[in-house]
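Novice: Using only what follows, build the 3D model:
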Amino acid sequence: MENPQSVTKYTWDDMPKEQLSDQLSRRLITGDKMMLAHVYLKKGCIVPLHQHHNEQITYILEGALRFWIGSEDAEPIVVGVGEVLHIPSNVWHKAEAIEDTLDVDIFSPPRQDWLDKSDDYLRLK
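Specialist: Okay, here's the model as predicted:
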């Protein structure tokens, strides 16, 4: 049986926001095999083209994101409130906030570059 002391309850509003740039901040919850993030993007914020070995699910709570999958020349996909985008491992993608946006990102396994702050592509001013 699992040890009940390993259970943790979180409240988003009680957690500090990590400010990555003027337009991008986040809050992270990390387990052994997955990561849950609230990502806050101001209108016009660009997440540059990148890929990672982590599988990703993005769920939009507020606002909307425009995604380019595969390359910046791809036909964009708009993901709005109540919509979910699944991005498999190692798939190139880019995003732009069409309006002020709050998205929930789930990663498996956790993003080590987010934990050790080596995600420089997100920290561009």
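
Novice: Going by C-alpha atoms from here, please, whenever you check contacts or count neighbours.
Specialist: OK.

Novice: Can you report how many residues lie near residue 71?
Specialist: When neighbours are counted by other C-alpha atoms under 10 Å, residue 71 registers 15.

Novice: remind me which residues of this structure are low pLDDT?
Specialist: Residues of the chain meeting the criterion pLDDT under 70: 1-4, 125.

Novice: Now do the strands in it.
Specialist: Applying DSSP state E to the chain gives strands spanning 18-19, 24-30, 35-41, 46-50, 55-62, 64-69, 77-80, 84-87, 93-97, 101-108.

Novice: contacting residues around residue 83?
Specialist: When contacts are counted by C-alpha atoms under 8 Å, 6 or more residues apart in numbering, residue 83 is found next to 59, 60.

Novice: quick one: it from residue 59, how far?
Specialist: Distance, residue 83 to residue 59, using C-alpha to C-alpha, to the nearest Å: 6 Å.

Novice: what pairs with the residue nearest to residue 44 when sequence neighbours are not counted across the strands?
Specialist: Leaving out its chain neighbours, the residue that sits closest to residue 44 by C-alpha to C-alpha, 6 or more residues apart in numbering is residue 97, at 5.2 Å. When bridges are called by DSSP bridges, residue 97 pairs up with residue 65.

Novice: Need the residue closest to the centroid of this protein.
Specialist: With distances taken as C-alpha atoms, centre = their mean, the chain has residue 105 as the residue nearest its mean C-alpha position (4.1 Å).

Novice: what sits against that one?
Specialist: 35, 36, 37, 38, 39, 56, 57, 58, 59.

Novice: now do residue 71
Specialist: So residue 71 contacts 49, 92, 93, 94 (C-alpha under 8 Å, 6+ apart).
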